[in-house]
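> sharing a model prediction with you, sequence too.
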Amino acid sequence: MKDGVNGVALGIFIFFFLAVTVMGFLAARWRRAENEATLDEWGLGGRSFGTWVTWFLLGGDLYTAYTFVAVPAAIYAAGASGFFAVPYTILVYPLIFTFLPRLWSVSHKHGYVTTSDFVRGRFGSKGLSLAVAVTGILATMPYIALQLVGIQAVLDVMGVGGGENTNWFVKDLPLLIAFAVLAAYTYSSGLRAPALIAFVKDGLIYLVIAVAIIYIPIKLGGFDDIFASAQDKFTQAGAGGLAPAAAGHWGYATLALGSALALFMYPHSITATLSSRSREVIRRNTTILPLYSLMLGLLALLGFMAIAAGVKVQNGQLAIPQLFENMFPDWFAGVAFAAIGIGALVPAAIMSIAAANLFTRNIYKDFLKPDATPEQETKVSKLVSLLVKVGALAFVLTMDKTVAINFQLLGGIWILQTMPALVGGLFTRWFHRWALIAGWAAGMIYGTAAAYGVASPTQKHFGGSSKEIPGLGEIGYIGLTAFVLNVVVVVVLTFVLNAVKAPVGIDETSPGDYTADAGDPGVQEKLPPATAGAPGGH
C-alpha cells in the first residue's frame, strides 16, 4: 500500500468527477419538455429514451459501484462461489423478456410511474400498493448506502480524508462533498442526469476492465500463475480449493436463482425501464444487456488477480481499489477510481428518484393528499429524493460498513416478496388481493426472522442471507425460501377467498393494455392531462 495521498490519481479522479457534475446539471436542458413539473418528466425522463440511452441507463443502474467492488471482493474472499453473480445476470434476461414489455405497455397506457401504481390499478387495493411501496423504499435505502460505501473505499485507497484517528468531519468531508453534488444535480435534472452520465460511467468501466484483464495478468505471469496462487490460498485456508464444496452447491444455486428473480423487482430497475419510449426498446434491451454479464465475468477475475498480486486488506471491499493502485500507473489508477466513483453516482441517483416516486405516488398522493397536482407531486418527489440520500449518508457515516452490506442482502430478501403481485398481476387476475397481502406478509416475516438468526464472525444478527431450507436440510438462500412460502400462501388463500366470494376489487386495466405500444390509438386518452403531451407520451 502506498503511503499518503496519491496526488496524480486524485487529480484524474477529480477531473472526471467535475466533468460528470457539469453533465449532471446540463442534463436539465437535454430533451427539455414544455412542462417539466411532472413526474413523467422529472422522474422518468419524459418516457422518451431510445434503445442506446436505455441500455446505458439500465446498465448504469444494475451494474453499480458496489458490483464493481463487491463481486471480485467475494471472489477474493470466498473463491469461485462468488461467481454466482454471473449466472444470475444471465438467468434474469430471459425472465424479464417475458414480463417487462407487458409492464411497460400497461404503465404507458395508464400513466403509471411506479410498480405500486400498477398493483393498485390491477387489484384495486391501496393496501397492497402500500405494501409494495414500503418494501421498495426499505430495500432501496441500504442499496444507496452501498454506493456511497463504494466511493468511500476509493477515497480511502487514494489516501483522502486521513487515517482512522482523523477528525470525523475531515475524514468524511470528501464523501459529504460528493453527496452534496449528487443531490444537487439529481434535484435539478431528475432522471436525465444519470441517463447522460451513464455514457461516461459505462465507457470508463469497459475501458478499465479491458486494460485490467490484459495488463495485470501480463505483470503477474499469466492466468496459470493467477489461478495457482488462488488455489494455494484456498487450499491452505481449508476451503478445499477454488470451487465450493458439495455442501455449498444448494446455496450457490438458490442464491443465483433468487437474485435473478429479485433484480427487476427493485424500484430503480423499473424506473429505468419505464423511461424508454416504446415496448420494442425494452425487448431489444433484454437481448443486448447480457453484454454486461460478459463484462461482469471478466470483472470477477480481478478477485483472483488480487490474491496473486499479494493484496492484503482487512476490509475485502478495498481489495480491488488496492489492486488498481498497486498494479496500474498512477494516472490510470485515477481513471479506474473515477470509473468506480462515477459507477456509484449513476445508480445512487436513479435509486433515490425511484424511492421518491414511490413515496410521492403511493403514500403522499394515495393517503395524505389525494388531490395533489402534478406540480406538487414533482416538488414532493424532489424533496424526498434529497431525504433518501441524507438517510443513506447517515447510514454510511454512523454504522459499520458490514451492516450496510448485510442490510442490502436483507433488501434482496424483502424485494423478492413483491414478485407475486407484480409479475403475477401482469399475466393473471386470478390471485386475490387479500391473499397477495397475506403472502407478502408471510414472506417478509419469515425472511426477516430467518436472516436475523444468521450470525457471522463480525455480526451476531443479519450476518448473511443463507440458512437451512426447512424440510430439505440443505443451506439455501433465505429469499427464495421466503418466496416459495409467499407463493404457497397466496395460492391457498386465493382458492379459499374465491370460494367464499370475497370482494376482488376493481381492475382498471384491460387485456389489450398489456400489448399496447406508444403509437397505438387510445393510449393517450388514459394518461393524466399533464403527461399526455410529454415527449414519448403518445
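Now that the structure is in, tell me what you want to look at. Numbering: from 1, shown residues only.

> mind listing what's buried in stretch 324-336?
By neighbour count with 16 or more other C-beta atoms under 10 Å, stretch 324-336 contains the buried residues F324, E325, N326, M327, F328, D330, F332, A333, G334, V335, A336. Backbone N, C-alpha and C define where each C-beta goes, glycine included.

> tell me which two of those sit farthest apart.
Farthest apart among those by C-beta to C-beta are N326 and V335. That separation is 15.3 Å.

> what count of nearby residues applies to D225?
If you count neighbours by other C-beta atoms under 10 Å, D225 ends up with 12.

> look up phi and psi at it.
phi -70, psi -40 (degrees, to the nearest 10).

> distance of it from Q322?
Distance from D225 to Q322, counting by C-beta to C-beta, to the nearest Å: 19 Å.

> ranges for the strands of this structure?
In the chain, the strands defined using DSSP state E lie at 466-468, 475-477.

> which residues touch the residue lying closest to Y112 once chain neighbours are set aside?
Sequence neighbours aside, F118 is the residue nearest to Y112 in space, at 4.9 Å (criterion: C-beta to C-beta, 6 or more residues apart in numbering). Listed by C-beta atoms under 8 Å, 6 or more residues apart in numbering, the contact partners of F118 are L103, V106, S107, H110, Y112, L422, G425, L426.

> the last one reaches Y514, doesn't it?
Yes. Assessed by C-beta atoms under 8 Å, L426 is found in contact with Y514 at 6.8 Å.

> now do stretch 141-161, average pLDDT.
Here stretch 141-161 scores 82 as its mean pLDDT.

> same deal with stretch 329-344?
Per-residue pLDDT values over stretch 329-344 give a mean of 91.

> can you give me how far that stretch is from the chain middle?
When distances are taken as C-alpha atoms, centre = their mean, to the nearest Å, stretch 329-344 is centred 21 Å away from the chain's centroid.

> can you check stretch 255-267 too?
That offset, for stretch 255-267, works out to 10 Å (C-alpha atoms, centre = their mean).

> what's the answer for stretch 498-517, then?
Using C-alpha atoms, centre = their mean, the offset of stretch 498-517 from its chain centre is 30 Å.

> and stretch 345-361, by the same measure?
Worked out by C-alpha atoms, centre = their mean, stretch 345-361 lies 11 Å from the chain centre.

> swap in stretch 358-371?
That offset, for stretch 358-371, works out to 24 Å (C-alpha atoms, centre = their mean).

> go on, stretch 247-260?
Stretch 247-260 has its C-alpha centroid displaced from the chain centroid by 19 Å (C-alpha atoms, centre = their mean).

> in that stretch, what's buried?
For stretch 247-260, burial by neighbour count (16+ other C-beta under 10 Å) applies to G248, W250, G251, Y252, A253, T254, L255, A256, L257, G258, S259, A260.

> residues making contact with that stretch?
So stretch 247-260 is contacted by 81, 84-85, 87-89, 91-92, 95, 244, 412, 416, 465-466, 469, 472, 474-477, 479-481, 483 (C-beta under 8 Å, 6+ apart).

> do you know which of the strands of the chain lies nearest I197?
Using C-beta to C-beta, the strands of the chain put strand 475-477 closest to I197, at 32.7 Å.

> paired strands for that closest one, with orientation please.
As defined by DSSP bridges, the strand partners of strand 475-477 come to strand 466-468 (antiparallel).

> count of neighbours near the closest residue to F483 other than its chain neighbours?
Leaving aside its chain neighbours, F483 sits nearest to L416 (5.0 Å; criterion: C-beta to C-beta, 6+ apart). Residues near L416, counting by other C-beta under 10 Å, number 28.

> ok, now P420?
P420 sits with 21 neighbouring residues when counted by other C-beta under 10 Å.

> from W430, how far off is it?
For P420, the distance to W430 equals 11 Å [C-beta to C-beta].

> same thing with F123?
11 Å.

> also V492?
Computed as C-beta to C-beta, the V492 to W430 distance reads 13 Å.

> likewise S129?
Counting by C-beta to C-beta - S129 and W430 are separated by 19 Å.

> those two: which is more packed in?
Using other C-beta under 10 Å as the criterion, S129 and W430 rank with S129 on top: 28 against 13.

> skipping its backbone neighbours, what lies nearest that one in space?
R120 is the one closest to S129 (C-beta to C-beta, 6+ apart), at 3.6 Å.

> likewise D517?
R279 (5.1 Å).

> can you name the residues that contact that neighbour?
Contacts of R279 (C-beta under 8 Å, 6+ apart): P101, W104, S105, H108, T515, A516, D517, A518.

> what's near enough to touch the most centrally placed residue in the chain?
Using C-alpha atoms, centre = their mean, the residue of the chain that lies closest to the mean C-alpha position is L62, 5.1 Å off. Counting by C-beta under 8 Å, 6+ apart, L62 makes contact with T89, L263, S269, L289, Y292, P347.

> repeat that with 10 Å
The neighbourhood of L62, defined by C-beta atoms under 10 Å, 6 or more residues apart in numbering, consists of 89, 92, 263-264, 266, 268-269, 272, 289, 292, 296, 347, 350.

> and if you look at A78?
Here A78 is in contact with F84, F234, A237, A239, L242, P244, G248, G303, G316 (C-beta under 10 Å, 6+ apart).

> how many residues are close by the first one?
Residues contacting F84 under the criterion other C-beta under 10 Å number 25.

> how close does it get to V211?
Per C-beta to C-beta, F84 is found 26 Å from V211.

> how about the fifth one?
To V211, L242 is 25 Å away according to C-beta to C-beta.

> before we move on, the earlier item: is it correct that the residue nearest to F483 is in contact with Y446?
No. Assessed by C-beta atoms under 10 Å, L416 is found out of contact with Y446, at 11.7 Å.

> joint contacts of the two?
Common contact partners of L416 and Y446 (C-beta under 10 Å, 6+ apart): I478, A482, F483, N486.

> out of the contacts of L62, who's nearest I151?
When these are compared for distance to I151 (C-beta to C-beta), P347 wins out at 11.6 Å.

> re earlier: please identify the deepest-packed of the strands of the chain.
strand 475-477 (a mean of 24; mean count of other C-beta atoms under 10 Å).

> pLDDT below threshold where in this protein?
1-3, 31, 33-36, 161-171, 238-241, 399-405, 519-538 (pLDDT under 70).

> longest helix anywhere in it?
Counting by DSSP state H, the longest helix found in the chain is helix 126-158.

> contact partners for the nearest residue to I12 once chain neighbours are set aside?
Excluding its sequence neighbours, the residue lying closest to I12 (C-beta to C-beta, 6+ apart) is G334, at 2.6 Å. G334 makes contact with 6-16, 158, 324-325, 328, according to C-beta under 10 Å, 6+ apart.

> any of those buried? List them.
Of those, these count as buried by 16+ other C-beta under 10 Å: N6, A9, L10, I12, F13, F16, M158, F324, E325, F328.

> could you work out the most separated pair of these?
F16 and E325 (16.4 Å).
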